[in-house]
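Visitor: Just the structure for this:
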Amino acid sequence: MDLFNVNLERTHLALRLPEIVGNILSFLVDHPTSTTTKGTLASIYPCLLVNRLWNDCALRVMMRHPVFEDNRHDINAFFKFADMICNAPVSGNNPVLSRKPSLAATLAVATPPPPRKSPSEQPRSTSSNNHADESRSSMDDWPLFPTTRRTALTMNHQARLGTARRSLRSLSLRKIKEKTILGPLQMLGRQATHLEKLEIYICDTIMDVNILPFVSHGRLTVLTLAGCHNITDALILRVAEHCRELEHLDLRACGQVSDTSISAIARNCPRLRHLNVGRVRDRDRITGRSISLIARHTEVAVLGLAGCDIDDECMLLLAKHRNAGLERISVNNCYRLTNKALQAHVRLCHKLCVFELKECHYINDWASVAELVRRRVLLTLCEQQNRACSDWAKKNGMTLNVKPPLK
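Guide: Residues are numbered from 1 along each chain as shown. Got it, this is the predicted structure:
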């Protein structure tokens with residue numbers, strides 16, 4: 001009996017509805033416990049073999065949020081994944097995967113392999129052609145099947161390929177340094193027409209051209225390029241042009257990104273809630289010119305400005321326009337800020353839960369800091385600031401328990 005043609009009439013109605021089956025199977029995924037770990041799909045693999053409906057639903061779940069990290073297993077898996085989504089051998093630089101790309105793609109979309117002939121039907125082979133027979137992949141046997149069978153398998157493969165492409169909503173790459181992923185990633189971007197979330201963490205080799213295909217579809221709501229220092233304004237300007245529904249933009253340590261593109265994001269992405277442009281170099285590229293526009297035109301609630309060249313005027317404008325909407329802000333190493341910036345946020349931003357002030361040495365209004373501690377706001381201070389704050393508290397007969405946010 002063909003496992004993919006199990007009679008569904010005897011199955012409970014609930015297990016014949018794609019919406020219910022898909023929801024059930026989603027709970028089989030071992031979800032990550034933090035942003036530094038990833039889930040596994042081992043528990044869902046057997047569901048591919050139950051019947052066609054379960055195969056389709058399991059495939060959708062498996063393709064929804066793939067994560068690839070910097071290890072040989074994940075890099076090889078990424079090449080196979082790109083081969084499958086692109087339906088073409090894109091892993092030519094990978095000697096392990098370039099041998100049988102079509103077979104890897106077939107397996108990746110869980111298409112059942114063609115049935116083999118029984119031993120009695122197999123023609124006798126001589127020793128001279130044994131080696132050739134053994135080296136042939138299952139895909140090489142296709143000419144032996146009736147045309148209708150080959151057509152059905154091809155259509156089945158294409159249907160599952162379409163399902164995989166439509167199901168891909170999120171893609172994460174973490175700390176992968178190899179340049180060999182750049183071509184496959186770029187080709188993958190052309191096919192990922194439904195992708196909403198793209199996270200690339202500390203991949204040094206990534207450049208604008210590798211991300212542009214993902215951006216051109218205009219579907220992204222979350223874009224993380226933290227630590228990708230080759231990213232420039234050119235890409236972010238395209239993001240502003242195409243991704244009008246953008247809500248989350250993380251450009252930490254992207255030193256080539258400047259006010260030019262962040263201003264465009266402010267004008268074109270009104271739903272933006274999370275922006276991080278923190279940096280340790282090129283502080284002069286991000287100033288109050290763009291952040292003031294972010295304050296005026298977006299719904300920003302989480303803002304990372306560590307190491308940027310911002311001043312009190314910018315912070316006052318931010319507190320005025322975002323007031324109760326601001327939840328987390330980091331201004332570590334923004335050494336131009338004074339007590340005016342702190343006091344404005346204490347007075348206007350009542351929903352603030354994280355305020356990072358490390359190395360802002362012109363800020364010394366410890367009474368305002370004490371008020372934030374009373375509200376249970378998590379604060380980041382350097383050692384010098386902590387000592388000064390503790391000394392002030394002792395002089396005033398107080399004990400301040402300053403708690404930093406978890407990293």
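Visitor: only C-alpha atoms for contact and neighbour calcs from this point on.
Guide: Fine.
Visitor: Who are the contact partners of Thr260?
Guide: 233, 290 (C-alpha atoms under 8 Å, 6 or more residues apart in numbering).
Visitor: what about it, helix or strand, and which?
Guide: Take DSSP states H and E as the rule and Thr260 turns out to sit in helix 259-268.
Visitor: Now do the buried residues in that helix.
Guide: 259-268 (16 or more other C-alpha atoms under 10 Å).
Visitor: Tell me how far whichever helix or strand comes after it lies from the chain's centre.
Guide: Next helix or strand after helix 259-268 toward the C-terminus (DSSP H and E): strand 274-276. Remark: strand 274-276 is offset 14 Å from the chain centroid, using C-alpha atoms, centre = their mean, to the nearest Å.
Visitor: Show which residues not belonging to strand 274-276 make contact with it.
Guide: Residues contacting strand 274-276 (C-alpha under 8 Å, 6+ apart): 247-252, 300-305.
Visitor: Let's see which of these end up in strands.
Guide: The strands, defined by DSSP state E, take in 248-250, 302-304 from the contacts of strand 274-276.
Visitor: any chance of those in a markdown table, plus distance to His217, neighbour count and pLDDT?
Guide: Converted to a markdown table, the ones in strands among the contacts of strand 274-276 look like this (distance: C-alpha to C-alpha, whole Å; neighbours: other C-alpha atoms under 10 Å; pLDDT from 0 to 100):
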| residue | distance to His217 | neighbour count | pLDDT |
| --- | --- | --- | --- |
| His248 | 17 | 20 | 99 |
| Leu249 | 17 | 23 | 99 |
| Asp250 | 19 | 22 | 99 |
| Val302 | 26 | 20 | 98 |
| Leu303 | 26 | 23 | 98 |
| Gly304 | 27 | 21 | 98 |
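Visitor: With distance to Ala295 as extra columns, can I get the residues you listed in JSON lines?
Guide: Listed next are the ones in strands among the contacts of strand 274-276 as JSON lines, based on distance: C-alpha to C-alpha, whole Å:
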{"residue": "His248", "distance to Ala295": "15"}
{"residue": "Leu249", "distance to Ala295": "15"}
{"residue": "Asp250", "distance to Ala295": "17"}
{"residue": "Val302", "distance to Ala295": "11"}
{"residue": "Leu303", "distance to Ala295": "10"}
{"residue": "Gly304", "distance to Ala295": "13"}
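Visitor: State whether His321 and Ile294 are indeed in contact, as I suppose.
Guide: No. Using C-alpha atoms under 8 Å as the test, His321 is too far from Ile294 to be in contact (9.6 Å).
Visitor: More neighbours: these two, which one.
Guide: Ile294 (27 against 20; other C-alpha atoms under 10 Å).
Visitor: that's a helix at that one, yeah?
Guide: Yes. Per DSSP: H, G, I helix; E, B strand; the rest coil, Ile294 lies within a helix segment.
Visitor: Please name the nearest non-neighbouring residue to it.
Guide: In space, and not counting its chain neighbours, Ile294 is closest to Ala266: 4.8 Å by C-alpha to C-alpha, 6 or more residues apart in numbering.
Visitor: surely the one you found meets Ser292?
Guide: No. Using C-alpha under 8 Å, Ala266 is not in contact with Ser292, being 9.0 Å away.
Visitor: So which residues of this protein form strands?
Guide: 67-69, 170-174, 197-201, 222-224, 248-250, 274-276, 302-304, 328-330, 354-356, 378-380.
Visitor: for the most centrally placed residue in the chain, what are its contacts?
Guide: Centre of the chain computed as the mean C-alpha position; nearest residue by C-alpha atoms, centre = their mean is Glu199, 2.6 Å away. For Glu199, the contacting residues are 170-173, 222-225, by C-alpha under 8 Å, 6+ apart.
Visitor: Quick check, His297 in contact with Pro270.
Guide: Yes. Using C-alpha under 8 Å, His297 is in contact with Pro270, at 5.9 Å.
Visitor: Show me which helix or strand of the chain is least confident by mean pLDDT.
Guide: Lowest by mean pLDDT, DSSP states H and E among the helices and strands of the chain is helix 101-108, with a mean of 38.
Visitor: Show me what the residue nearest to the centre of the chain bridges to in the sheet.
Guide: Ser172, Thr224 (DSSP bridges).
Visitor: Look up how far Leu326 lies from Thr338.
Guide: Counting by C-alpha to C-alpha, to the nearest Å, the gap from Thr338 to Leu326 is 19 Å.
Visitor: between those two, which one's more packed in?
Guide: Leu326 (25 against 18).
Visitor: show me the contacts for that one.
Guide: Here Leu326 is in contact with 300-302, 319, 349, 351-352 (C-alpha under 8 Å, 6+ apart).
Visitor: Let me have those in TSV, adding distance to Gly288 as columns.
Guide: Converted to TSV, the contacts of Leu326 look like this (distance: C-alpha to C-alpha, whole Å):
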residue	distance to Gly288
Val300	15
Ala301	17
Val302	16
Ala319	13
Cys349	19
Lys351	23
Leu352	21
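Visitor: Alright, I will stop here.
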